[in-house]
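**Student:** For reference, the sequence and a predicted model appear below.
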Amino acid sequence: MKKGFYNILKGKFLVSDDALKNWRFIIFLSLLALVMIGSSHVADKKVHRIAKLNNDVKELKSEYLDVRKQVTQSKMESKITKAMAARGLQPSETPPQKIIITKQQ
């Protein structure tokens, strides 16, 4: 056990007669580690992009609510009356009348 541990520390498994098998495995593990690192970077980029898009959605929803509130307030009769009073127009005192057309035979 002690001798095997010292051989690993000295690196004898890399230069022995069957070292090619060990080198293949080490290269395979290195490539696997590189793939894992790359995929984790891609996943992190996606997480950051999703967080940014969520913030953009929140901002746009807030802006939509502000604009909808302004439009609703601008359609109020009192606001329209004030705006038209500045131009010299006033609401009519007499209500509109319905015109009914009957079919003549």
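**Tutor:** Noted; the coordinates are in hand.

**Student:** Quick one: list the elements packing against the helix ranked longest in the chain.
**Tutor:** Looking across the chain with DSSP state H, the single longest helix is helix 19-74. When contacts are defined as 3 or more C-beta pairs under 8 Å, 6 or more residues apart in numbering; DSSP states H and E, helix 19-74 packs onto helix 12-15. (Glycine included, C-beta is placed from N, CA and C.)

**Student:** quick one: the helix it packs on to chain centroid distance?
**Tutor:** For helix 12-15, the distance from its own C-alpha centre to the chain's C-alpha centre is 51 Å (C-alpha atoms, centre = their mean, to the nearest Å).

**Student:** thinking again about what came up before, quick one: residues in contact with the helix or strand that comes right after the longest helix of the chain.
**Tutor:** Following helix 19-74 in sequence order, the next helix or strand is helix 77-86 (DSSP states H and E). Residues outside helix 77-86 that contact it (C-beta atoms under 8 Å, 6 or more residues apart in numbering): Gln73, Ser74, Gln90, Pro91.

**Student:** Return the helix or strand in the chain with minimum mean pLDDT.
**Tutor:** The helix or strand of the chain with the poorest confidence is helix 12-15; it has a mean of 73 (mean pLDDT, DSSP states H and E).

**Student:** quick one: low-confidence ranges for this protein?
**Tutor:** The chain contains residues with pLDDT under 70 at 105.

**Student:** So which residue is dead centre in it?
**Tutor:** Leu53 (2.1 Å; C-alpha atoms, centre = their mean).
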